[in-house]
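Engineer: Here you go, sequence then predicted model.
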Amino acid sequence: MEKISIQFTLFSAFYSPLISTMSGGFLKAEGLAPDWSVSPPGVSAIEALQNGTAHVVQSALSQAFTPLNEGRRPPAVHFAQVNEMDGFFLTGRDADPDFSWKKLEGAEVVMFKGGQPRAMFRYACHKAGIDFDRITPITPGGAAEIDKAFRDGQGAYVQQQGPFPQQLEADGIGRIVAQVGKQIGPCGFSSLAATRAWLQTDMAKAFVRAYGKTRAYLNETPAAEIAKAEKPFFPKIGEAVLADCIATYQRLCCWTPHVEITRPAYEATLDVFAYNGLIKERFPYDAVCAAPPA
């Protein structure tokens with residue numbers, strides 16, 4: 001078995017297309033033994049590619065925009081999609097079948113301070129026809145800090161990826177009221193990145209074979225079965241909660257079967273970042289993305 005090192009930027013069930021390459025045995029079937037980690041807070045997983053501690057990382061197309069804004073070539077290339085929809089949920093304190101995004105104006109919302117989660121949320125508010133600047137943000141830190149803050153009573157609403165919101169519901173602390181992805185529509189939300197040199201290797205080809213099989217598996221397999229296999233990766237999350245989360249993402253259609261990052265999805269991401277004033281120009285697709293190795 002050949003060791004393959006994988007690093008996540010964020011770790012949640014939203015990234016099941018990468019998690020299930022391991023839990024479903026697809027990498028092992030290709031002769032690859034995975035070793036995985038999560039990038040430290042405030043550190044881009046792209047750095048693991050640069051220093052050679054990871055072969056492939058879960059990232060986002062927007063990671064390439066920073067060097068491009070500075071006139072530099074990105075150190076990595078994005079070669080496969082993970083999710084074609086924003087996977088964040090909005091959770092309130094109580095069930096609200098009549099929820100409208102207008103209710104966020106004037107409310108305290110526990111959320112991410114910056115980066116893609118904030119940019120996407122701001123764009124979703126724009127699409128929903130509300131004024132993001134009328135929301136009172138509470139920004140305690142990363143995913144764990146956000147969850148703790150809401151559990152401790154801060155905020156009327158909270159922005160989180162699954163399975164955090166489903167666990168809040170199971171614990172009787174909150175109720176999901178909206179999905180951010182439904183406001184934005186399909187886009188290049190999250191991706192897999194690697195160096196251009198690694199994409200030329202036999203390991204890269206084996207990885208993509210495993211990854212393609214995993215994406216088919218996620219669309220064809222009952223959520224409960226996927227959750228059972230993934231449960232060791234989520235020791236603090238109940239298996240039924242995890243299954244509920246995975247089923248929700250299956251219904252959202254964020255795990256489309258194809259591996260490549262499509263040009264329409266890429267252009268939609270440019271729309272989001274242009275609206276937020278975070279890119280200096282609409283960078284060409286080939287500056288950020290590459291086809292997965294055949």
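Structural biologist: Alright, I've got the coordinates. Numbering: from 1, shown residues only.
Engineer: can you give me the helices in the stretch 151-294 of the chain?
Structural biologist: Listed in chain order, the helices found in the stretch 151-294 of the chain under DSSP state H, counting those that start in this stretch are 164-170, 180-184, 202-220, 223-230, 239-252, 263-275, 285-288.
Engineer: Could you pull out the strands in the protein for me?
Structural biologist: 2-8, 32-38, 56-59, 77-83, 88-92, 108-110, 136-138, 157-161, 175-179, 190-194 (DSSP state E).
Engineer: Of all those strands, which one is nearest Phe14?
Structural biologist: strand 157-161 (4.7 Å; C-beta to C-beta). The way it works is simple: take the backbone N, C-alpha and C, and place the C-beta from them, glycine included.
Engineer: Name every strand pairing with that closest one and say which way it goes.
Structural biologist: strand 88-92 (antiparallel), strand 108-110 (parallel) (DSSP bridges).
Engineer: Return the most buried member of those strands.
Structural biologist: strand 88-92 (a mean of 25; mean count of other C-beta atoms under 10 Å).
Engineer: contact partners of that one?
Structural biologist: 99, 104, 109, 117, 120-121, 150, 156-162, 165, 168-169, 174-181 (C-beta atoms under 8 Å, 6 or more residues apart in numbering).
Engineer: Save the helices of the stretch 151-294 of the chain as a markdown table, and put in mean neighbour count too.
Structural biologist: Listed next are those as a markdown table, based on neighbours: other C-beta atoms under 10 Å:
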| stretch | mean neighbour count |
| --- | --- |
| helix 164-170 | 22 |
| helix 180-184 | 21 |
| helix 202-220 | 19 |
| helix 223-230 | 19 |
| helix 239-252 | 20 |
| helix 263-275 | 18 |
| helix 285-288 | 16 |
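Engineer: so which of the ones you listed gets nearest Ile46?
Structural biologist: helix 285-288 (12.3 Å).
Engineer: now for the strands paired with strand 157-161, which one comes closest to Tyr266?
Structural biologist: strand 88-92 (19.9 Å).
Engineer: between the closest one and strand 175-179, what angle do the directions make?
Structural biologist: Interaxial angle of strand 88-92 relative to strand 175-179 (axes from the mean of the first three to the mean of the last three C-alpha atoms, to 10 degrees): 140 degrees.
Engineer: now strand 88-92, how far from the chain's geometric center?
Structural biologist: 15 Å (C-alpha atoms, centre = their mean, to the nearest Å).
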